[in-house]
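Trainee: What shape does this take:
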Amino acid sequence: MTGLEHLIAALTPLNLLFALFGVVAGTVIGSIPGLTATMAVAVLVPLTFTMEPASALILMGAIYTGAIYGGAYSAILLNTPGTPSAIATTFDGYPMAQRGDGDLAITVACLASVVGGLVGALFLLTLAPPLSRVALAFGPVEYFWLAIFGLSLIAALSEGSVWKGIAGGALGLLLSCVGVAAVSSDVRLTFGSQTLVGGIQIVAALIGLYCIPVLIDLAATPDRHLKLDENQAPRGFRLREAIAITMRQKFNVLRSSVIGTVVGILPGAGGSIASLVAYSEARRTARRDQHYGRGEPGGIIASESSNNATVGGGFIPTLVLGIPGTPPDAVILGALLVQGIRTGPKLFEAQGAIAYTFIWGLVLATILMLPTGLLLGRYAYRTIITIPKAVLVPTVAFMTIIGTYAIRNSGSDVIIMVLLGIAGWIVSRFGFAVSPIVLGLILGPIAEQGFVQAWTIGTAIGDLPGMFFGRPISLAIIAFTLLTLFYPAAKAWWEARRSGAPAVAVLKPARGPANWSTAAAALFLAGVGVAALLDSRGYGDPDSAAFPVTVAIVLIGASLVVAVRAALGIGSAPEALTGSMPRRIALPIIMIGAALLMMAFGFVPAMLVMFMALLVVAMHDPWTPKRVVLFAGSGLLIVIGFYALFRHLLMVPLPATKLF
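Mentor: Down below sits the predicted model:
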């Protein structure tokens with residue numbers, strides 16, 4: 001078959017219908033916090049077992065690409081990544097939504113996702129065999145330095161204090177060590193708790209650290225969740241403005257798309273690392289008038305174009321080498337085996353018609369994501385800005401619980417999620433951003449595994465320095481890491497020199513009154529590092545202790561620096577709280593109580609009790625009979641509806657009712 005015949009085969013009405021259904025279903029599932037792209041593909045993959053191979057692949061690819069984009073909805077509107085790959089989208093997406101540009105942010109995310117998806121698919125179509133060799137060139141030490149490169153973004157995310165960012169990143173790295181060590185059977189940092197033996201689930205931690213602090217503050221104040229111009233009806237999307245922004249940042253789009261494709265090729269890396277690397281590069285090369293982290297559309301463009309490009313990039317090693325590039329690819333690879341398709345170097349020769357029809361179908365699915373993404377995004381935006389806060393708070397809290405539980409069917413994960421959310425809210429009050437903590441949590445396993453494996457190999461061959469610093473790809477990543485770390489300071493120094501100001505003034509911190517509360521919080525984090533050091537004394541394998549001990553020392557050192565700086569009056573003091581503190585306290589207590597009730601009495605009774613209790617907590621207006629009936633009825637429909645969806649359609653074994 002020629003290329004045109006493959007395209008025509010992908011354009012059959014049935015394949016177009018599968019592509020459209022996959023994009024819509026994936027987008028909806030990906031927009032729910034906790035339901036990752038992997039889960040979206042895994043839940044719907046049984047539908048493909050009786051389908052033609054090419055159609056099955058098109059459906060799974062469409063679900064995958066739709067889920068990656070869907071994560072941007074909650075990232076922008078709720079500050080909660082719907083999927084881990086949307087972490088970097090929260091950095092600028094939520095600030096844009098807070099200032100009233102949520103509709104523009106969603107439209108920009110849709111355009112960037114489409115461009116990134118097309119770039120990844122075109123690389124898959126034209127350069128799959130040669131690019132697959134890139135995956136084989138990466139060994140343990142390259143993955144280690146790639147993780148360190150991702151962690152270098154901490155410097156960019158810590159405008160208030162790099163030391164606070166380093167302390168937060170080290171705390172996240174320690175959290176990634178909780179549970180059974182990947183390199184041995186040692187149980188680390190559980191402090192006798194059986195619940196923590198399985199480790200901290202990353203998606204549950206993301207939901208807790210990003211979403212719960214937002215809910216705590218939402219419940220405390222009567223203000224709107226997002227700003228809205230009272231003189232203008234909600235539009236939902238602003239396509240002309242978004243196109244203009246994207247065209248002005250066309251180099252950012254293309255660079256981020258290529259980064260996403262290359263990172264997607266690396267087995268196990270995925271969209272979260274791709275979006276962080278692309279965001280780091282976009283921020284490093286930003287103009288003076290671009291304020292990343294404060295609502296800069298370029299941040300959304302970098303994140304969304306790169307994470308959607310990983311879809312096509314991840315299929316390159318999956319199809320050519322039989323090595324999954326991303327976790328969803330592993331699920332799809334299993335489905336291919338069921339279909340009788342054998343991936344490998346000869347796939348494009350033996351079953352080229354299926355492979356090329358699928359690739360063209362992926363291109364079509366990505367194009368279909370533009371109209372469907374805009375329409376679904378408009379609905380999501382209008383819903384978030386018009387729904388009463390008294391209903392929004394319990395609805396989002398309910399979604400966080402059901403999404404967290406669905407990952408491992410564990411009520412303990414729900415409790416850990418809420419506790420991490422409380423911790424995230426507390427540390428953010430003292431200037432410790434949660435993003436470095438999340439970076440450490442995500443990149444920790446990759447960094448530790450690469451470090452230990454490279455250390456072992458280097459020791460065995462008797463060339464440890466050469467193992468870490470003697471490989472060309474490693475040296476290139478190290479160079480980019482150093483550039484990312486020192487470029488902002490060098491740029492500020494150069495601009496100060498050009499303006500005639502004393503260059504040393506750039507590095508001289510401003511001083512004010514002593515901030516003892518921040519100093520106390522920093523000392524507490526140092527105590528966490530000391531506890532980790534003491535815990536490491538019980539490990540039987542030295543390899544199990546090497547990484548957490550190193551991280552604990554960094555945490556202690558950075559925290560002590562923060563404490564000293566705060567005592568000297570260097571750095572900003574915590575902002576005064578507004579709103580009701582009792583409401584802030586009540587929200588996480590009610591959520592933890594609901595998690596305990598869920599395991600004792602079943603999902604529906606516990607969630608109904610939580611929903612009604614949070615209605616009362618989040619309600620700042622006078623109650624009327626109409627509001628009581630309307631809000632309580634909404635809660636009943638939401639809980640019952642999602643219970644039916646998850647239990648019977650998505651097959652999530654939610655706890656059954658045990659009242660009788």
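Trainee: Which phi and psi values does residue 187 adopt?
Mentor: Dihedral pair for residue 187: phi -100, psi 120, per degrees, to the nearest 10.
Trainee: Verify the stated contact: it with residue 197.
Mentor: Yes: assessed by CB atoms under 8 Å, residue 187 is found in contact with residue 197 at 6.0 Å. Every residue, glycine included, has its C-beta placed from N, CA and C.
Trainee: for the stretch 51-200 of the chain, which spans come out with low pLDDT?
Mentor: Scanning the stretch 51-200 of the chain with the threshold set as pLDDT under 70 gives 132, 155-160.
Trainee: whoops, I mixed them up, the stretch 401-550 of the chain
Mentor: In the stretch 401-550 of the chain, residues with pLDDT under 70: 487-489, 491-493, 495-510.
Trainee: try 90 this time
Mentor: For the stretch 401-550 of the chain, the stretches with pLDDT under 90 are 402-411, 427-436, 438-518, 536-547, 550.
Trainee: can you give me the helices for it?
Mentor: Taking DSSP state H, counting those that start in this stretch as the criterion, the stretch 401-550 of the chain carries its helices at 411-429, 434-461, 464-469, 472-499, 504-507, 516-536, 542-567.
Trainee: now those helices in TSV, with distance to residue 637?
Mentor: What follows is the helices of the stretch 401-550 of the chain, written out as TSV (distance: least, CB to CB, whole Å):
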stretch	distance to residue 637
helix 411-429	22
helix 434-461	33
helix 464-469	57
helix 472-499	48
helix 504-507	57
helix 516-536	42
helix 542-567	46
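Trainee: circling back to that earlier point, of residue 187 and residue 197, who's got more company?
Mentor: Between residue 187 and residue 197, counting by other CB atoms under 10 Å, residue 187 is the more crowded of the two (20 against 12).
Trainee: The nearest residue to residue 392 once chain neighbours are set aside: what secondary structure?
Mentor: Spatial nearest neighbour of residue 392, excluding adjacent residues (CB to CB, 6 or more residues apart in numbering): residue 225 at 6.1 Å. Taken by DSSP: H, G, I helix; E, B strand; the rest coil, the conformation at residue 225 corresponds to coil.
Trainee: tell me the contacts of the most centrally placed residue in the chain?
Mentor: When the chain is reduced to its mean C-alpha position, the closest residue under CA atoms, centre = their mean turns out to be residue 84, at 2.6 Å. Applying CB atoms under 8 Å, 6 or more residues apart in numbering, one finds that residue 84 lies in contact with 36, 71, 202, 203, 206, 270, 271, 272, 442.
Trainee: Filter the residues you listed down to the ones in helices?
Mentor: Residues from those lying in helices, with DSSP state H as the criterion: 71, 202, 203, 206, 270, 271, 272, 442.
Trainee: From residue 275, how far off is the first one?
Mentor: Summarising the geometry, the distance separating residue 71 from residue 275, computed by CB to CB, to the nearest Å, is 10 Å.
Trainee: Can you pull the residues that touch both of the two?
Mentor: Taking CB under 8 Å, 6+ apart as the contact criterion, the residues that touch both residue 71 and residue 275 are 85, 86, 89, 307.
Trainee: in the helix or strand in which the third one is found, what's buried?
Mentor: Using DSSP states H and E, residue 89 falls within helix 87-98. Going by neighbour count (16 or more other CB atoms under 10 Å), the buried part of helix 87-98 is 87, 88, 89, 90, 91, 92, 93, 94, 95, 96, 97.
Trainee: Distance from the chain centre to stretch 32-50, please.
Mentor: Offset of stretch 32-50 from its chain centre (CA atoms, centre = their mean, to the nearest Å): 18 Å.
Trainee: sorry, that was for stretch 24-42
Mentor: Averaged C-alpha coordinates place stretch 24-42 at 13 Å from its chain's average position (CA atoms, centre = their mean).
Trainee: what comes up buried for that stretch?
Mentor: Within stretch 24-42, the residues that qualify as buried are 24-42, counting by 16+ other CB under 10 Å.
Trainee: Look up how far residue 306 lies from the closest residue to residue 101 other than its chain neighbours.
Mentor: Using CB to CB, 6+ apart and skipping the chain neighbours, the partner closest in space to residue 101 is residue 295 (7.1 Å). Shown here: residue 295 relative to residue 306, a distance of 19 Å by CB to CB.
Trainee: Please apply the same query to residue 147.
Mentor: In terms of CB to CB, residue 147 sits 17 Å off from residue 306.
Trainee: thinking again about what came up before, closest to residue 433 out of the shared contacts of residue 71 and residue 275?
Mentor: residue 89 (15.7 Å; CB to CB).
Trainee: who are the neighbours in contact with the closest one?
Mentor: 71, 72, 75, 76, 81, 109, 275, 299, 300, 303, 304.
Trainee: if you skip the residues just before and after it, what's nearest to it?
Mentor: Closest residue to residue 89 in three dimensions, ignoring its sequence neighbours and counting by CB to CB, 6+ apart: residue 75, at 4.1 Å.
Trainee: count of residues packed around the one you found?
Mentor: When neighbours are counted by other CB under 10 Å, residue 75 registers 33.
Trainee: My read is that it contacts residue 95, right?
Mentor: No: taking CB under 8 Å as the definition, residue 75 is not a contact partner of residue 95, at 11.5 Å.
Trainee: any idea how far stretch 389-405 is from the chain center?
Mentor: Centre-to-centre, stretch 389-405 and its host chain are 18 Å apart (CA atoms, centre = their mean).
Trainee: Just to be sure, residue 344 is in a strand?
Mentor: No: with three-state DSSP as the criterion, residue 344 is located in coil rather than a strand.
Trainee: Dihedrals phi and psi, the residue nearest to it when sequence neighbours are not counted?
Mentor: Excluding its sequence neighbours, the residue lying closest to residue 344 (CB to CB, 6+ apart) is residue 322, at 5.2 Å. Dihedral pair for residue 322: phi 70, psi 20, per degrees, to the nearest 10.
Trainee: Show me where the stretch 1-150 of the chain has its helices.
Mentor: When assigned using DSSP H, counting those that start in this stretch, the helices of the stretch 1-150 of the chain occupy the ranges 3-10, 13-31, 37-44, 53-78, 87-98, 102-137, 140-151.
Trainee: quick one: contacts of the last one?
Mentor: Contact with helix 140-151 is made by 138, 169, 266, 268-269, 273, 276-277, 280, 439-440, 442-444, 446-447, 449-451, 453-454, 457, 467-468, 471, 473-474, 477-478, 480-481, 484, as judged by CB under 8 Å, 6+ apart.
Trainee: try it again with 7 Å
Mentor: By CB atoms under 7 Å, 6 or more residues apart in numbering, the surrounding residues in contact with helix 140-151 are 169, 273, 276-277, 439-440, 443, 446-447, 450-451, 453-454, 457, 467-468, 471, 473-474, 477-478, 480-481.
Trainee: Show the buried residues in those.
Mentor: Members of the contacts of helix 140-151 that pass the buried threshold by neighbour count (16+ other CB under 10 Å) are listed as 169, 273, 276-277, 439-440, 443, 446-447, 450-451, 453-454, 467-468, 471, 474, 477-478, 480-481.
Trainee: Identify the residues contacting residue 438.
Mentor: 87, 172, 206, 209.
Trainee: and residue 10, how far is that from residue 54?
Mentor: Counting by CB to CB, the separation of residue 10 from residue 54 is 8 Å.
Trainee: which residues do these two both contact?
Mentor: For the pair residue 10 and residue 54, residues contacting each of them under the criterion CB under 7 Å, 6+ apart are residue 357.
Trainee: For residue 570, grab phi and psi.
Mentor: phi -90, psi 120.
Trainee: Report the beta-bridge partner residues of it.
Mentor: Following DSSP bridges, residue 570 is listed with bridge partners residue 511.
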